[in-house]
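structure of the sequence below:
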Amino acid sequence: MTLWLTGDPTADQLLTDDPFALLLGMLLDQQVTMESAFAGPAKIADRMGGLDVHRVAEADPTEFASLCATPPAVHRYPGSMAGRIQGVAGALVEQYDGDVTRLWTDGDPDGPTVLKRLKALPGFGDQKARIFLALLGKQIGVQPAGWAQAAGAYGEPGSRRSIADVTDPTSLAEVRVTKQAAKAAAKAAVG
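A predicted model of the protein is given here:
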């Protein structure tokens, strides 16, 4: 199965084949469209001749920030995101020898443990970690015991809350509608 998160077959194939790319796409998923965020790893891979967690972690920060800012930029805020990308890569190298899958395989962890490991990564707060856990469970088949409960509402079957639920243009539109309704409700509650 190939993921459909960007609408770009090359970018989606990278996300399908490379767990590091998928994790970076989730990291980038803020203040830009979901498709743009998840297309970011393919831009990095194109510019670096591949996407290697060790090379990203060890890259000169100024050069890496420049690479991320080259049009089309990897993110709306390429400088700050370059630092976050390198921070995640560094944490993965330091804690998991660069193997992203160890987040969900080391010691046969349950869902709450995987969530805790995700939240320990730079740039992964509670919500982002829950969405990524739901993405793993719903689309990648990574389903440690209790994963759906640990993912909270994002783990609910058939929901249309996040990138975890995007499988085609129709589901992308449904997720957008849900997000817009949530933003409108939040704005009304404040106003």
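
grab the longest helix from the chain for me.
helix 169-190 (DSSP state H).

distance from the chain centre to that one, please.
Relative to its chain's centre, helix 169-190 lies at 19 Å (CA atoms, centre = their mean, to the nearest Å).

ditto for stretch 108-126
Distance of stretch 108-126 from the chain centroid (CA atoms, centre = their mean) equals 13 Å.

what comes up buried for it?
By 16 or more other CB atoms under 10 Å, the buried positions in stretch 108-126 come out as Pro109, Gly111, Thr113, Val114, Leu115, Arg117, Leu118, Lys119, Leu121, Gly123, Phe124. The way it works is simple: take the backbone N, C-alpha and C, and place the C-beta from them, glycine included.

with stretch 11-30 instead?
For stretch 11-30, by 16+ other CB under 10 Å, it's 11-12, 14-16, 18-30.

by mean pLDDT, flag the weakest helix or strand of the chain.
Within the chain, no helix or strand scores below helix 169-190, which has a mean of 90 by mean pLDDT, DSSP states H and E.

contacts for that one next, please.
Residues from elsewhere that reach helix 169-190, judged by CB atoms under 8 Å, 6 or more residues apart in numbering: Gly7, Met34, Glu35, Arg160, Arg161, Ser162, Ile163, Asp165, Val166.

what's the closest of these to Ala129?
Ser162 (11.8 Å; CB to CB).

from Asp108, how far out is that closest one?
26 Å (CB to CB, to the nearest Å).

check Ala148 too.
For Ala148, the distance to Asp108 equals 17 Å [CB to CB].

same question, Lys116
15 Å.

identify the residues contacting stretch 14-22?
1-3, 5-6, 25, 38, 41-42, 45, 51, 53, 89, 92, 100-101, 135, 140.

could you redo the last one with a cut-off of 7 Å?
Under the contact criterion CB atoms under 7 Å, 6 or more residues apart in numbering, stretch 14-22 has outside partners Thr2, Leu3, Leu5, Gly25, Phe38, Pro41, Ala42, Ala45, Leu51, Val53, Val100, Thr101.

can you put the residues you listed in a markdown table and add secondary structure and pLDDT?
What follows is the contacts of stretch 14-22, written out as a markdown table (DSSP: H, G, I helix; E, B strand; the rest coil; pLDDT from 0 to 100):
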| residue | secondary structure | pLDDT |
| --- | --- | --- |
| Thr2 | coil | 93 |
| Leu3 | coil | 97 |
| Leu5 | coil | 96 |
| Gly25 | helix | 98 |
| Phe38 | helix | 98 |
| Pro41 | helix | 98 |
| Ala42 | helix | 98 |
| Ala45 | helix | 98 |
| Leu51 | coil | 97 |
| Val53 | helix | 98 |
| Val100 | coil | 97 |
| Thr101 | coil | 98 |
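
just the buried ones from the residues you listed, in PyMOL syntax?
To isolate the buried members of the contacts of stretch 14-22 in PyMOL, using 16+ other CB under 10 Å:
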select buried, resi 3+5+25+38+41+42+45+51+53+100
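
Throw the contacts of stretch 14-22 into a markdown table and include distance to Val177, thanks.
A markdown table is the format used below for these (distance: CB to CB, whole Å):
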| residue | distance to Val177 |
| --- | --- |
| Thr2 | 25 |
| Leu3 | 21 |
| Leu5 | 18 |
| Gly25 | 22 |
| Phe38 | 19 |
| Pro41 | 26 |
| Ala42 | 27 |
| Ala45 | 31 |
| Leu51 | 32 |
| Val53 | 35 |
| Val100 | 31 |
| Thr101 | 33 |
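
okay then, goodbye and thanks.
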